[in-house]
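Asker: Give me the fold of what follows.
(chains A and B)
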Amino acid sequence: DVKVTQSSRYLVKRTGEKVFLECVQDMDHENMFWYRQDPGLGLRLIYFSYDVKMKEKGDIPEGYSVSREKKERFSLILESASTNQTSMYLCASSLLRGQTGELFFGEGSRLTVL
Amino acid sequence: DAKTTQPTSMDCAEGRAANLPCNHSTISGNEYVYWYRQIHSQGPQYIIHGLKNNETNEMASLIITEDRKSSTLILPHATLRDTAVYYCIVRVGGSNYKLTFGKGTLLTVNP
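Answerer: Numbers count the residues shown, from 1 in each chain, chains lettered A, B, ... in the order given. As a prediction, the model looks like this:
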């Protein structure tokens, strides 16, 4: 089974701190994604990557950056966390040319910024 | 990608079929219809997808109208564990793609 693992299930950080959210997938998928999910707003795409060192902005990239140095790992970085970045963050991966185009999601990382 | 419209919430009795509608009237000829669901406190899970033919797998059936402007996800015998938010998404086929999720439909299966 495909496994997408997010490093922390729950994090509490202070305003202004630098925050790293790590995501690792074990199925050699080319595509990786970061979403955030907020009540009433559904899932919103922050960034995605279709290759090592490649990244593309999603719908809400402001205040975030990403890093993809290895194929299996995709990191989301909050350079200076703010309270409005309190949210559930979901990582996903998929094959570049998969027959189903299926996304595989991790369990999520719930970030609270105080 | 085409926009989709789903009801905010629906109820279904346990053991009965759950029929979840989705409108995608601006869908293009090369856009697929995808369905995902998200059980509380978990990441979304793929259910099924289709282009223009009806599809069935072990989880559900997908019925797409002939004009492709709407579709229905059918859970043939809903159980309490099917209570979740169901997302209908359309996207262009191909290799480099992203999925844009809307707000989905909260399906509550009642005993």
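
Asker: For A:Glu56, give its distance to B:Tyr87.
Answerer: To B:Tyr87, A:Glu56 is 21 Å away according to CB to CB, to the nearest Å. Placement of C-beta: from N, CA and C, glycine included.

Asker: That should have said B:Leu107, apologies.
Answerer: B:Leu107 sits 11 Å away from B:Tyr87, going by CB to CB.

Asker: between those two, who's got more neighbours?
Answerer: Shown here are B:Leu107 and B:Tyr87; by other CB atoms under 10 Å in any protein chain shown, B:Tyr87 has more neighbours (26 against 21).

Asker: Neighbours of B:Gln45, how many?
Answerer: By other CB under 10 Å, 16 other residues sit near B:Gln45.

Asker: Can you tell me the closest non-neighbouring residue to it?
Answerer: Sequence neighbours aside, B:Arg37 is the residue nearest to B:Gln45 in space, at 5.7 Å (criterion: CB to CB, 6 or more residues apart in numbering or on different chains).

Asker: ok now do the closest residue to A:Gly40 other than its chain neighbours, which residues does it touch?
Answerer: Of all residues not flanking A:Gly40 in the chain, B:Lys103 sits nearest, at 7.3 Å (CB to CB, 6+ apart). Taking CB atoms under 8 Å, 6 or more residues apart in numbering or on different chains, we find B:Lys103 in contact with A:Gly40, A:Leu41, A:Gly42, B:Gln6, B:Thr8.

Asker: likewise A:Cys91?
Answerer: A:4, A:6, A:21, A:23, A:32-35, A:74, A:76, A:105-106, A:109 are the contacts of A:Cys91 under CB under 8 Å, 6+ apart.

Asker: Please repeat the previous calculation with a cut-off of 7 Å.
Answerer: Counting by CB atoms under 7 Å, 6 or more residues apart in numbering or on different chains, A:Cys91 touches A:Val4, A:Gln6, A:Cys23, A:Met32, A:Phe33, A:Trp34, A:Phe74, A:Gly106.

Asker: repeat for A:Leu45
Answerer: A:Phe33, A:Tyr35, A:Gly58, A:Asp59, B:Lys98, B:Thr100.

Asker: Verify the stated contact: the fourth one with A:Leu41.
Answerer: No: with contact defined as CB atoms under 7 Å, A:Asp59 and A:Leu41 do not form a contacting pair (10.7 Å).

Asker: Mind putting the contacts of A:Leu45 into TSV with pLDDT?
Answerer: As requested, those are arranged in TSV below (pLDDT from 0 to 100):
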residue	pLDDT
A:Phe33	93
A:Tyr35	94
A:Gly58	89
A:Asp59	88
B:Lys98	69
B:Thr100	77
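
Asker: are any of those residues buried, and which?
Answerer: A:Phe33, A:Tyr35, A:Gly58, B:Lys98, B:Thr100 (16 or more other CB atoms under 10 Å in any protein chain shown).
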